[in-house]
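J.: below: sequence and its predicted model.
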Amino acid sequence: VILIDEYDSPILELLCQPTQADAVRSLLREIYGVLKEEAQYIYFTMITGVTKFCQTSLFSALNHLQDITFTAEGAYLVGYTQEELEANFAEHIDAMAARRGEDPVVERELLRQWYNGYRFSSVKKTPLTLYNPLSIMTVLKDMEIKNIWFNTGQPAFFDKFLKNNFKLIDDLQLPHIESINDMLASLDIHFLTTETPLTDQ
């Protein structure tokens with residue numbers, strides 16, 4: 001079993017240096033080519049990252065990959081449902097409510113408002129929204145409801161890219177950003193727009 005997290009990190013570090021990024025991409029393509037050659041010994045491979053680069057450019061050697069980013073099957077993999085939160089963390093939520101002098105029911109509603117908002121499928125039978133596990137772990141450890149993602153969840157490449165491709169927010173044509181699936185499917189380091197990184201937030 002092979003698990004690869006943040007597969008895109010080496011490329012994102014060089015996002016504003018396309019020539020070097022291409023060299024890294026070629027090296028990664030060779031590595032993934034080895035995985036394909038040894039497929040008979042591999043039961044399962046899971047690859048995750050912040051961005052989604054074109055399969056033809058990076059994963060051309062792994063042409064049997066199945067993208068589950070926005071599928072009903074993969075919707076449950078990367079977060080807690082409301083039911084899972086209640087079943088597994090009720091004691092911790094009650095302890096936090098007591099420490100903060102808050103009613104447990106109100107505390108659950110605050111958690112929902114602050115941290116339940118991730119969605120990875122449009123299929124109605126899947127949960128509407130999920131809790132990010134790191135958010136819940138951090139909040140229950142610190143026993144404080146706060147914004148934890150500005151410093152911990154903002155990809156460095158996003159800041160770097162915007163500094164090199166500054167565009168006023170009024171010029172972004174925000175309705176266009178709604179076509180997230182199409183934009184992610186065609187992501188390439190040579191054809192990034194200012195809107196593209198926004199789709200990953």
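T.: Good, I have the coordinates.

J.: which parts of stretch 24-39 are buried?
T.: Neighbour counts over stretch 24-39 (16 or more other CB atoms under 10 Å) mark Val24, Arg25, Leu28, Tyr32, Leu35 as buried. Backbone N, C-alpha and C define where each C-beta goes, glycine included.

J.: farthest pair in these?
T.: Maximum pairwise distance in the buried residues of stretch 24-39, criterion CB to CB, is 17.0 Å, between Val24 and Leu35.

J.: which stretches in the protein count as helices?
T.: 9-12, 18-37, 55-58, 82-100, 104-115, 133-142, 149-152, 156-164, 180-185 (DSSP state H).

J.: please name whichever of the ones you listed is nearest to Ile2.
T.: Closest to Ile2 of the helices of the chain, according to CB to CB: helix 18-37, at 6.8 Å.

J.: and the closest one, what does it pack onto?
T.: Counting by 3 or more CB pairs under 8 Å, 6 or more residues apart in numbering; DSSP states H and E, the packing neighbours recorded for helix 18-37 are helix 9-12, helix 55-58.

J.: what do you get if the cut-off is 6 Å, keeping everything else the same?
T.: Here helix 18-37 touches helix 9-12, going by 3 or more CB pairs under 6 Å, 6 or more residues apart in numbering; DSSP states H and E.

J.: okay if I get the helices of the chain as JSON lines plus distance to Asp67?
T.: Listed next are the helices of the chain as JSON lines, based on distance: least, CB to CB, whole Å:
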{"stretch": "helix 9-12", "distance to Asp67": "17"}
{"stretch": "helix 18-37", "distance to Asp67": "14"}
{"stretch": "helix 55-58", "distance to Asp67": "8"}
{"stretch": "helix 82-100", "distance to Asp67": "24"}
{"stretch": "helix 104-115", "distance to Asp67": "26"}
{"stretch": "helix 133-142", "distance to Asp67": "22"}
{"stretch": "helix 149-152", "distance to Asp67": "25"}
{"stretch": "helix 156-164", "distance to Asp67": "21"}
{"stretch": "helix 180-185", "distance to Asp67": "9"}
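
J.: want to throw those helices into CSV with mean pLDDT and distance to Tyr76?
T.: Below are those laid out as CSV (pLDDT from 0 to 100; distance: least, CB to CB, whole Å):
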stretch, mean pLDDT, distance to Tyr76
helix 9-12, 83, 25
helix 18-37, 85, 26
helix 55-58, 59, 24
helix 82-100, 96, 9
helix 104-115, 95, 17
helix 133-142, 93, 12
helix 149-152, 60, 21
helix 156-164, 61, 27
helix 180-185, 51, 19
